[in-house]
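>>> model the following, please.
(3 chains)
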Amino acid sequence: MSAAIEAPERAIWLAAARDLRLGFRSRAELIQALVFLVLVVSLFPLAIGPESAILKRVAAGVVWVAALLSVLLTLPRLFSADHADGTLEQLVLSPYPLPLIAAGKILAHWLMAGLPLSVIAPLLGLQFGLAGEELVVLTVSLMLGTPILSMIGAIGAALTLGVRGGSILMALLVLPLYIPVLIFGAGAVEQVMASIDYSANLSLLGAGLLFGALASPFAVATALRISLD
Amino acid sequence: MNLYKYAAPATFYPLAASLWPWFAGIAAVLAMAGLYMGFFVAPTDFQQGEVYRVIFIHVPAAWMGMFIYLVMAGYGVMALAFNTRLSAMMMQALAPTGAMFTALALWTGALWGKPTWGTYWVWDARMTSTLILLFLYIGFMALNNAIEDRRRADKASALLAIVGSINIPIIYFSVKWWNTLHQGMSVSPTSESKMASIMLWAMLTMTLACWMYSIAVALVRVRAIIAEREAGADWLQGSKL
Amino acid sequence: MNWAEFFSMGGRGFYVWGSFGVFALAIVIEVVLLRQRVRRAAAGSGEGQS
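Have a look, this model is predicted:
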C-alpha cells in the first residue's frame, strides 16, 4: 500500500482481502464463534423444556439473540490485533481513504462472522421445529441483518479500542443499538409462522443495510481517528 | 456581540454561576404552581380516580429523558464539528440528569401501571423504548468514564451520542412495530381520549419546571467539570465557586 | 377535602406518593451529590492538582 493511489476504491478490497487472509490463518476462532452459537441455542431447550410447541414459538427469538451474542463476541477481532501491532495507525495514515478501509474491514468481518452464522442457522431452526419457508425467511433475515450488526459493532469496537474493560463496555454500547435489527429480523420469522406477509420486515432490514453501508464507514473512520489521536 | 466568546470555559464559568440561580428559582416557582394545579385544581379523573395524578410527573420525566438525549446529541455535533471543549462538557453535565429523568419515567410508569392495568410492568411500546433509552444513557456515561484521556473521551462520547440519537427514532419505530405485531398492550399512559385542559396545563407547567431544573443542574455540573479539568489554570485561581 | 382524604388518594396513596416521593428523593439526591462534587472540585482547583 505505498506509491500514489490511482484507484482509492480499491481500499475496500485490499482491506477486506487482508483481513480475510489473517482471519483464515486463525480459523479456530471462526469455528469457535459458530460452536458458541450452537451451544447457546442448545441451552434453551435444556432451560425451558423440550416441548416442541414452546420451542417452535421461541425459535426465531432464540436464534436471533444467539446470533447477536455470537457477533458481539467476534467484534474485538475487528481492530484489536491491528491496534496491538501498530498496523492500525499506519492504516489511518495511509493514502487510502479511511472510510473505505473501514468498509473493507466490516465486509471481512461479516464474511467471517455473519455469513457462516446465517448459513448454519437453518440447522438450528430445524432443531426447534421450523420448516420450509420459515427456515428460508430465518436465513434471509440473518443475511440482511448480520451485516448491520457488523457495521454498528465496528463503531463500538473502534470507540472502545484499548479502553480498560473494553469488551463488556462494548456490549453495553452496542446491544441497545442492535435492538431494531433484532425486532425486524426475528419479527420476519414470527410473521411467516403466523402466515402474515413478512416482506415489510425484510424491506426494513434491507433499508437499514443500505443506510448502514453508506453511513457506518464514516462513523467508524471518525471513531478510529478519535481513538488513535 | 460575539457569542463564540462564551464557548470558552473561562468565560462560561462565571456566566454559568450568575445564570443558574435564576433557572433554579423559576423551576421552583413552576413546580409549586404545577403541583398546586395538579393536586388541588385538576379534578379527579372519572375513569382512573386519583391515580392519574402520577401523569404530572410521569410525562414530564419521560419527555425530559428523551429531550435531554437529543440536546446531548446536538452538543455532540458541535463538539465534533467545531472542536469546542465546552459542548463536550455540557454533554457530560446533562447525561446524569437525563438518565435520572428516564429512570423516574420508568419508576412512575410502573407505579401507575399497577393500579391501572394490574401489573407493574407491561412490554408496551413506550415503556420498552424508555428502557432502551436508559441503556443508551448508561452506555454514554460508561464510555465517558472508561476513557482516561479527556480529549478522547469527549470526542468518543460525542460520536456515541450522535449515533445513539440517529438510532432513537429507529428504536421507537421498531418497538412500536414490534408492539403492534404482538397485539400487546395498546393502552398507554398518555393516550387519554380527552384530557381536561387544566390537566394539560398542570402537566406542561411541570414539564417546564423539569426543564428549568435540568438547565440549572447542568450549569452547576458543568462548572464542577470545568473546575475539575482546568484545575491549576490561572484564571480559575482567582475565582471562587 | 380533608388532609387524610388527600393523602389516601382514593385508596391509591401508595402509588401516587410512591411516584412523587421517589421523584422528589431523586432530585434531592442529585442536588446533594452535585454539591459534594462542586466542593471537591473547588478544593481540587485551589490546590492546583488534576
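
>>> any idea which helix is longest in chain C?
helix C:13-47 (DSSP state H).

>>> name the helices or strands packed onto it?
Judged by 3 or more Cβ pairs under 8 Å, 6 or more residues apart in numbering or on different chains; DSSP states H and E, helix C:13-47 is in contact with helix B:55-82, helix B:85-117, helix B:197-229, helix B:234-238. Where C-beta positions appear, they are placed from N, C-alpha and C, glycine not excepted.

>>> would you tell me which residues of chain A are close to chain B?
Contact residues, chain A versus chain B (Cβ under 8 Å from any Cβ of the partner chain): A:152, A:155, A:159-160, A:163-166, A:169, A:172-173, A:175-177, A:179-180, A:183-184, A:187, A:190-191, A:204, A:208, A:215, A:219, A:222-223, A:226-227, A:229.

>>> that older thread, and the helices and strands packed on helix C:13-47: which comes nearest residue A:125?
helix B:85-117 (34.6 Å; Cβ to Cβ).

>>> that closest one packs against which elements?
helix B:9-36, helix B:55-82, helix B:125-146, helix B:150-181, helix B:197-229, helix C:13-47.

>>> turn the ones you listed into CSV, including mean neighbour count and mean pLDDT.
Listed next are the helices and strands packed on helix B:85-117 as CSV, based on neighbours: other Cβ atoms under 10 Å in any protein chain shown; pLDDT from 0 to 100:
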stretch, mean neighbour count, mean pLDDT
helix B:9-36, 16, 91
helix B:55-82, 22, 93
helix B:125-146, 21, 92
helix B:150-181, 21, 88
helix B:197-229, 21, 91
helix C:13-47, 16, 87
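
>>> figure out which of those helices is closest to residue C:5.
helix C:13-47 (10.1 Å).

>>> and the closest one with helix B:197-229, angle?
30 degrees (axes from the mean of the first three to the mean of the last three Cα atoms, to 10 degrees).

>>> now residue C:27: closest residue in space that isn't a chain neighbour?
residue B:213 (7.2 Å; Cβ to Cβ, 6 or more residues apart in numbering or on different chains).

>>> distance of that neighbour from residue A:43?
46 Å (Cβ to Cβ, to the nearest Å).

>>> is stretch B:69-81 anywhere near chain A?
Yes. Using Cβ under 8 Å from any Cβ, we find that stretch B:69-81 touches chain A at residue B:80.

>>> what's that stretch in contact with?
Under the contact criterion Cβ atoms under 8 Å, 6 or more residues apart in numbering or on different chains, stretch B:69-81 has outside partners A:222, B:84-85, B:87-88, B:90-91, B:94-95, B:98, B:133, B:136-137, B:140, B:154-155, B:157-162, B:164-165, B:168.

>>> among the residues of chain A next to chain B, name the buried ones.
A:152, A:155, A:159-160, A:163, A:166, A:169, A:172-173, A:175-177, A:179-180, A:183-184, A:187, A:190-191, A:204, A:208, A:219, A:222-223, A:226-227 (16 or more other Cβ atoms under 10 Å in any protein chain shown).

>>> contact residues of chain B facing chain C?
Checking chain B against chain C by Cβ under 8 Å from any Cβ, the hits are B:39, B:44, B:49-51, B:53-54, B:57-58, B:61, B:96-97, B:100, B:103-104, B:107-108, B:111-112, B:114-115, B:213, B:217, B:220-221, B:223-225, B:227-233, B:236-237, B:240-241.

>>> run a quick neighbour tally on residue A:116.
Residue A:116 is flanked by 18 other residues according to other Cβ atoms under 10 Å in any protein chain shown.

>>> show me the contacts for it.
Contacts for residue A:116 (Cβ under 8 Å, 6+ apart) come out as A:30, A:34.

>>> make it 10 Å
A:30, A:31, A:33, A:34, A:37, A:70, A:110, A:146 (Cβ atoms under 10 Å, 6 or more residues apart in numbering or on different chains).

>>> swap in residue A:58?
Residue A:58 touches A:44, A:45, A:48, A:65, A:128, A:186, counting by Cβ under 10 Å, 6+ apart.

>>> can you give me the helices in chain A?
A:10-25, A:27-48, A:52-74, A:80-84, A:87-93, A:98-112, A:114-127, A:133-159, A:166-193, A:199-228.

>>> got the CA coordinates for the third one in CSV?
Extracted C-alpha coordinates of helix A:52-74, given in CSV (Å, rounded to 0.1, in the frame of the first residue of the first chain):
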residue,chain,number,x,y,z
SER,A,52,-41.9,-28.8,20.7
ALA,A,53,-44.8,-26.3,20.6
ILE,A,54,-43.0,-23.9,23.0
LEU,A,55,-39.6,-24.4,21.3
LYS,A,56,-41.1,-23.6,17.9
ARG,A,57,-42.8,-20.5,19.3
VAL,A,58,-39.4,-19.1,20.6
ALA,A,59,-37.2,-20.4,17.8
ALA,A,60,-36.8,-17.2,15.9
GLY,A,61,-36.0,-15.2,19.0
VAL,A,62,-33.6,-17.7,20.4
VAL,A,63,-31.6,-18.0,17.1
TRP,A,64,-31.6,-14.2,16.7
VAL,A,65,-30.4,-13.5,20.2
ALA,A,66,-27.7,-16.1,20.0
ALA,A,67,-26.6,-14.6,16.7
LEU,A,68,-26.4,-11.2,18.3
LEU,A,69,-24.2,-12.5,21.1
SER,A,70,-22.0,-14.5,18.7
VAL,A,71,-21.4,-11.5,16.6
LEU,A,72,-20.7,-9.4,19.7
LEU,A,73,-18.0,-11.9,20.8
THR,A,74,-16.2,-11.6,17.5
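
>>> buried residues, that helix. List them.
For helix A:52-74, by 16+ other Cβ under 10 Å, it's A:55-56, A:59-74.

>>> and the residue of chain A found nearest chain C, what does it touch?
Taking Cβ to the nearest Cβ, chain C has its nearest neighbour within chain A at residue A:164, 18.8 Å off. For residue A:164, the contact set (Cβ under 10 Å, 6+ apart) comprises B:146, B:147, B:148.

>>> these: which ones sit near chain A?
B:146, B:147, B:148 (Cβ under 10 Å from any Cβ of the partner chain).

>>> ok, residue A:12 - how many residues close by?
22.

>>> touching, it and residue A:100? I think so.
Yes. Using Cβ atoms under 10 Å, residue A:12 is in contact with residue A:100, at 5.1 Å.

>>> now do the shared contacts for these two.
In contact with both residue A:12 and residue A:100: residue A:217, using Cβ under 10 Å, 6+ apart.

>>> a markdown table for the helices of chain A, including distance to residue B:67 and mean pLDDT?
Shown next, in a markdown table, are the helices of chain A (distance: least, Cβ to Cβ, whole Å; pLDDT from 0 to 100):
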| stretch | distance to residue B:67 | mean pLDDT |
| --- | --- | --- |
| helix A:10-25 | 39 | 87 |
| helix A:27-48 | 38 | 91 |
| helix A:52-74 | 29 | 92 |
| helix A:80-84 | 37 | 87 |
| helix A:87-93 | 36 | 88 |
| helix A:98-112 | 32 | 94 |
| helix A:114-127 | 35 | 93 |
| helix A:133-159 | 24 | 94 |
| helix A:166-193 | 18 | 91 |
| helix A:199-228 | 24 | 93 |
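
>>> how close does residue A:103 get to chain B?
To chain B, residue A:103 is 17 Å away according to Cβ to the nearest Cβ, to the nearest Å.

>>> so that residue makes contact with residue A:219?
No. When contacts are counted by Cβ under 10 Å, residue A:103 is not listed as touching residue A:219 (11.1 Å).
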